[in-house]
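> missing the sequence, but the structure's below:
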């Protein structure tokens with residue numbers, strides 16, 4: 001089985017969830033993640049929302065996105081990243097999943113709040129708000145992981 005570096009695994013997951021798993025010979029898991037990503041992406045109209053968001057046509061992005069489908073996306077995306085990261089580790093890092101879990105959680109929160117949130121009266125839409133919410137999610141996850149690993153060393 002081919003090994004990827006942690007960064008390589010995460011970056012391939014950013015490009016297409018499931019791709020690092022396919023590259024490392026985990027064909028069933030990789031195919032399932034690619035299929036899930038495709039089904040969620042198509043049914044949520046996410047690519048169209050991304051296009052409108054980058055063109056700064058935020059109202060159109062809100063209108064095309066299907067939240068019922070898009071709510072699944074952060075979990076599939078972050079699971080693929082965590083799985084690629086986990087398989088790239090030479091040693092097992094305790095609770096390596098925490099930043100990814102809290103990242104997925106906060107992206108989902110950012111997605112749910114995106115219709116209501118504004119900065120200086122401007123909405124960042126259903127794409128950029130969730131992206132911004134990823135940062136505190138990762139930070140919270142890393143902090144909790146450090147604390148939990150520190151507590152378990154003391155015992």
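Looks like it came in fine. Bear in mind that the values here come from a model prediction, so they are computed numbers and not experimental data. Numbers count the residues shown, from 1 in each chain.

> Just checking, which helix or strand of the chain averages the lowest pLDDT?
helix 6-15 (a mean of 83; mean pLDDT, DSSP states H and E).

> Pull the residues that contact that one.
Contact with helix 6-15 is made by 4, 19-20, 23, 77, 80-81, 84-85, 87-89, as judged by C-beta atoms under 8 Å, 6 or more residues apart in numbering. All C-beta atoms are positioned from the backbone trio N, CA, C, and that covers glycine.

> what about burial for those residues, which qualify?
4, 19-20, 23, 77, 80-81, 84-85, 87-88 (16 or more other C-beta atoms under 10 Å).

> just to revisit the earlier point, quick one: which of the contacts of helix 6-15 is nearest residue 66?
residue 77 (16.4 Å; C-beta to C-beta).

> Is the closest one within a helix or a strand, and which one?
Assigning secondary structure by DSSP states H and E places residue 77 in helix 73-88.

> What are the contacting residues of that helix?
Contacts for helix 73-88 (C-beta under 8 Å, 6+ apart): 3-6, 8-10, 12-14, 17-18, 20-21, 24, 26, 29, 33, 36-37, 40-41, 44, 46, 96-97, 100-101, 103-105, 107-108, 111, 130.

> Only the buried subset of these, as a ChimeraX command please.
The ChimeraX selection below is limited to those of those classed as buried (16+ other C-beta under 10 Å):
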select :4,6,9,10,12,13,17,18,20,21,24,26,29,33,36,37,40,41,44,46,97,100,101,103,104,105,107,108,111,130
